[in-house]
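Visitor: Give me coordinates for this.
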Amino acid sequence: MDFRQLRTFSCVAELGSLSKASDTLRVAQPALSRQIKLLEHELRVELFTRNGRGMVLTDAGQLLLARTSGIVRQIDQIRDDIQSAKGPPSGQVVLGLVPTVSCVLSARFARRCVETFPGISLRIVESYSGHLVEWLHRGEMDLAILYGRSADLHLNVQSLGRDNIVAVGPRGCGLARKKSVDVGWLLRQRLVLPSHSHGLRALIEHAAAQRKIKLNVQLEADSFRVLTSLVEEGLGFALLPPSSVHGEVADGRLETAVVSKPMTRELIFASPIDRPASTASLAITALLREEVAACRKEGVWDIKLA
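Guide: Have a look, this model is predicted:
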């Protein structure tokens, strides 16, 4: 295996198409096809299933991608760092954000990145903390803002503070008038929650177990936007950070109230522990810290400092 073959394989796997990979890598499609065939011949397995809709990884292809995608990114970053040594930062940075942070930060930070670092290609990936941690470990992501106990992640981490959790309900539900609700009352209401695999659900389940309350959860949503839309439709209450529904509350579509016994989650910066950060990712990290501080100062994001 050589690097050119692995880079071609990684690009085709990501895009699912030889023609799209040809456009991205600026290499003729027959040359890319030949590199894939040489790689398959060397490994003595088929890496893709070819059909009318594109190219789909086989089990062997998925294994190869998991083992090599981080390596390909590191070599690309070495090239970018060398080219950046005598000029402004350049290269690609993959930033992971949990959904409740993404809705606050993504658009404004992307604009600031484009204005400050035109040579950096920023890719923002929105997902839940468990997935972000996995991609950081595999070298497929450079940095992330996520929830979790920093000591348990085996990553380079820095605590940003603690994010409050508030009760969220539909327009006219009465939360805005109450301003504060008893946590026991809230946990007895019909709730719309993420599934059991997510940290927020575990936090709520723990609070209910402490009070010996059986949760009433008929609807689950692992998409933040689906979850808030279900609450807007009056299908239940949710528990979320207030910053994540700031726009909906301002528009009168949702109401919030503080929970009597505060519920909080630790919010952290995380990056891989087993490889040095690229010049571009260091620049993005510094800019991201500035943007988080600006959000705090403007009152857009009410994070309690650690």
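Visitor: Would you confirm that Leu239 belongs to a strand?
Guide: Yes - counting by DSSP: H, G, I helix; E, B strand; the rest coil, Leu239 is part of a strand.
Visitor: With adjacent residues omitted, what lies nearest to it?
Guide: Closest residue in space to Leu239, ignoring its immediate chain neighbours: Ile165 at 5.0 Å, by CB to CB, 6 or more residues apart in numbering. C-beta coordinates here come from the backbone N, C-alpha and C atoms, glycine included.
Visitor: same thing with Glu140?
Guide: Per CB to CB, 6+ apart, closest to Glu140 is Ser69, 5.3 Å.
Visitor: Test of understanding: give the bridge partners of the residue lying closest to Gln189 once chain neighbours are set aside.
Guide: Once flanking residues are discounted, Gln189 sits nearest to Phe237: 5.0 Å by CB to CB, 6+ apart. Phe237 has these beta-bridge partners by DSSP bridges: Leu191.
Visitor: Give the full set of residues in contact with Phe237.
Guide: 167-169, 173, 186, 189-192, 231 (CB atoms under 8 Å, 6 or more residues apart in numbering).
Visitor: If any of those are buried, put those into a PyMOL selection.
Guide: To isolate the buried members of the contacts of Phe237 in PyMOL, using 16 or more other CB atoms under 10 Å:
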select buried, resi 167+168+169+173+186+191+192+231
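Visitor: Just give me the closest of the contacts of Phe237 to Gly247.
Guide: Val168 (12.6 Å; CB to CB).
Visitor: quick one: the closest residue to that closest one other than its chain neighbours from Gln189, how far?
Guide: Closest residue to Val168 apart from its sequence neighbours, by CB to CB, 6+ apart: Ala238 at 4.5 Å. Distance, Ala238 to Gln189, using CB to CB, to the nearest Å: 10 Å.
Visitor: can you check Ile71 too?
Guide: Using CB to CB, one gets 49 Å for the distance from Ile71 to Gln189.
Visitor: Looking at this structure, which strand is longest?
Guide: strand 156-170 (DSSP state E).
Visitor: Could I get the contacting residues of the residue nearest to Glu140?
Guide: Contacts of Ser69 by CB under 8 Å, 6+ apart are 10, 138-140.
Visitor: any idea which helix or strand carries it?
Guide: Using DSSP states H and E, Ser69 maps to helix 59-84.
Visitor: Now that helix: average pLDDT?
Guide: On average, the pLDDT along helix 59-84 is 81.
Visitor: now the angle from the next helix or strand after it to helix 59-84?
Guide: Downstream of helix 59-84, the next assigned helix or strand under DSSP H and E is strand 91-97. Strand 91-97 runs at 120 degrees relative to helix 59-84, counting by axes from the mean of the first three to the mean of the last three CA atoms, to 10 degrees.
Visitor: in strand 91-97, what counts as buried?
Guide: 91-97.
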